[in-house]
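# Below is the structure, and that's it, no one-letter string:
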């Protein structure tokens, strides 16, 4: 490699075709040897890793820098080993110091190596929003860097926090002025890490503009904590507010994709999911208000701070658009008055307008055009523009409705295509789906297909086919005239990307469905929505084993970027208390109770799979779940050997009766070593599951999957809610052997969102190599 200064610009080093810092991509937590190897094999530009002293904060603390993130205190990778491997690549380096003691010894290693690429040295040196954590000593850090390795880019941040239960503070003028006071005399380039979820808070953008105006050496780096409430559109506003060469974006891949899509759209046609601050990439979290055609209903919707306010527009007297349906005999608010109230709302809001006649389109869109500079929020235009062959009704002409919309409101809207006269009995045929796709292809705006939920449930294969024709299509489910039970929507919700289905249903039913799917829904959907994985691939779901004690929990929580599921064991103690052990009779006095375990875990973006080892532990554990349901905001899988130690009556029935919103895991045992999983066995399990509405997962030994595939695939085919969990090597990793081509066969022959792979590291490495070869 050519020589390059370690304090040089990333944009110059990577020789991008334009001066745009958004092009730089990042690894996260590339600390262990396995994590580093994965990052080196990827196409990211920058290696980001954490450094602390071996044994940090313990009696065994040494002066050897290792690559780990607190609460971990050790690693299989020293900084010296990490650097040797990293310098074999052409990637840039970002080193995040988690203790001041690790800085000097790390910089001595860095100084002694021949480094010929950009080096960023990161530390949180000042207390920032929503935390009292002081960070590392600012003077000590800067003095050490300037003495030992001044030729770098300094990444100087504030410690930050995020509250779910109260108002959050943004970056204040006092904070940025204090930071500038430390940086103004420095000679190095300086980037300021900014927490994504705080970008849109009052004052933050203005204060960051002031900070960047103080020196051309300054940039900012926007980073994401997956635990926060995010708003994609704040990233768009940040992008528009600053020079593109002065803002780096260190985002999860799924969030980056959503950001790129939102960047291409004006606020009026942005996906509502990207516009509102949400805990997850989940449109079910949006609150709708329906038929706000009266002044009273509009005021009520604004007071309850609905996200999307929906209303009907018809043409009234004197060619004036009014808020009413064609069958209404009176009205009390014009469209102009209605729109003024929406624009004056004291919270973020979007609107959905339904046209019932073409005559109302031009007058309504003319009013929208007159207010176009004030409309930087989602606008959805809905109309019955198609009709099924079994209905004799006349839909509105899409060429009239949408042509006028686009010509009069060039900033754009989301177009809602709806079928006039669609029924549950007739459903959505494949021909109707093709017609909807053909119309959507002619339109220049984002498209959502508005369909009654009852129709979508009975015609799901055709609806799903339609959505699969374009990644930009979304689905809006409405209640229509048919009452629906949230459990009826459960299958649809588990079978498709949560970010692409809008739920125009009552708040009560939406809340029920959220509760069901937070703890009992699809793992891939939950973790994709939480920005923990990219796409809907169950191979991305990762597992930590034997997380039964405090140390194991802290290790797994410290590796939250890498670990998505915590696997632990539950048994019953002699005093009828559930404890975290696979055999309470031999557990020590320090064994954790399930209550204590939940206190520490406080799960929000990691899920749990608990395996029960005694029949008597089930009901007491479920009673704890009932009491602690507010703490459980992520997937819960309950596992048992069934049939075997447990039966339907001792495991499944109590779950259904006491805490039904979980996934049930059957730990299946082969019928025999030679036979694997027999047809009689899977048929028996199928009968046990016949009336379940939960997600069900079948845990199987990888050694028997290929030989039993006909039987296992038959079982999986009985319901879209059935999943497969393939394990290999636990608990005998040294002697376990599996032919990974069997796993490649499964991956190539079944829905990738429904098969999990929990392999020992050696097995997973062989599996990934086999996948690359194929």
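Yes, it's here. This is a predicted model, so every value here is computed, not measured.
# okay, now residue 403: neighbour count?
12 (other Cβ atoms under 10 Å). C-beta coordinates here come from the backbone N, C-alpha and C atoms, glycine included.
# That one sits in which helix or strand?
In this structure, residue 403 sits in helix 398-408 according to DSSP states H and E.
# How about that helix, which residues are buried there?
398, 400-402, 404-406, 408 (16 or more other Cβ atoms under 10 Å).
# Turn these into JSON lines, including distance to residue 275 and pLDDT.
Converted to JSON lines, these look like this (distance: Cβ to Cβ, whole Å; pLDDT from 0 to 100):
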{"residue": "398", "distance to residue 275": "25", "pLDDT": "94"}
{"residue": "400", "distance to residue 275": "28", "pLDDT": "93"}
{"residue": "401", "distance to residue 275": "23", "pLDDT": "94"}
{"residue": "402", "distance to residue 275": "22", "pLDDT": "92"}
{"residue": "404", "distance to residue 275": "24", "pLDDT": "91"}
{"residue": "405", "distance to residue 275": "19", "pLDDT": "93"}
{"residue": "406", "distance to residue 275": "20", "pLDDT": "92"}
{"residue": "408", "distance to residue 275": "22", "pLDDT": "95"}
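# Reformat the residues you listed as a markdown table; add distance to residue 285.
Output for the buried residues of helix 398-408, formatted as a markdown table (distance: Cβ to Cβ, whole Å):
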| residue | distance to residue 285 |
| --- | --- |
| 398 | 31 |
| 400 | 35 |
| 401 | 30 |
| 402 | 29 |
| 404 | 33 |
| 405 | 28 |
| 406 | 30 |
| 408 | 32 |
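# hmm, who's touching the helix holding residue 403?
355, 358, 361-362, 365-366, 368-369, 381, 383, 385-386, 412-413, 415, 417, 439, 443-445 (Cβ atoms under 8 Å, 6 or more residues apart in numbering).
# Got a ChimeraX select line for the buried ones in those residues?
ChimeraX command restricting those to the buried ones, with burial defined by 16+ other Cβ under 10 Å:
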select :355,358,361,362,365,368,381,383,385,386,412,413,415,417,439,445
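# Which of the contacts of helix 398-408 fall within helices?
When DSSP state H defines the helices, the subset of those inside them is 361-362, 365-366, 368-369, 439.
# Going by residue numbers, what spans are helices in the stretch 551-700 of the chain?
594-601, 618-627, 653-658, 679-689 (DSSP state H, counting those that start in this stretch).
# mind listing what residue 720 touches?
Applying Cβ under 8 Å, 6+ apart, we find residue 720 in contact with 491, 494-495.
# ok, so what distance separates it from residue 667?
22 Å (Cβ to Cβ, to the nearest Å).
# go on, residue 106?
Residue 106 is 45 Å from residue 667, by Cβ to Cβ.
# of those two, who's got more company?
residue 106 (26 against 20).
# Between which two of the buried residues of helix 398-408 is the distance greatest?
398 and 408 (15.6 Å; Cβ to Cβ).
# do you know how far the closest residue to residue 23 other than its chain neighbours is from residue 240?
Nearest residue to residue 23, sequence neighbours excluded (Cβ to Cβ, 6 or more residues apart in numbering): residue 16, at 5.0 Å. Here the distance between residue 16 and residue 240 works out to 20 Å (Cβ to Cβ).
# How about residue 737?
Counting by Cβ to Cβ, the gap from residue 737 to residue 240 is 56 Å.
# Residue 624 too?
Relative to residue 240, and taking Cβ to Cβ, residue 624 is found at 49 Å.
# next one: residue 703
For residue 703, the distance to residue 240 - Cβ to Cβ - is 55 Å.
# Also residue 63?
Counting by Cβ to Cβ - residue 63 and residue 240 are separated by 47 Å.
# now do residue 228
With Cβ to Cβ as the criterion, residue 228 and residue 240 are 22 Å apart.
# Quick one: residues contacting residue 621.
If you count contacts by Cβ under 8 Å, 6+ apart, then residue 621 has 570, 578, 594, 610, 612 around it.
# Isn't the second one up against residue 619?
So the one you mean is residue 578. No. With contact defined as Cβ atoms under 8 Å, residue 578 does not reach residue 619; the gap is 9.5 Å.
# Show me which of those two is the more surrounded one.
residue 578 (26 against 16).
# That one bridge partners, please.
residue 572 (DSSP bridges).
# where exactly do the strands run in the stretch 451-600 of the chain?
474-478, 501-504, 543-544, 565-572, 578-579 (DSSP state E, counting those that start in this stretch).
# So residue 624 and residue 240 - more neighbours on which side?
residue 624 (18 against 9).
# Could you double-check that the more buried one lies in contact with residue 579?
No. Using Cβ under 8 Å, residue 624 makes no contact with residue 579, being 11.4 Å away.
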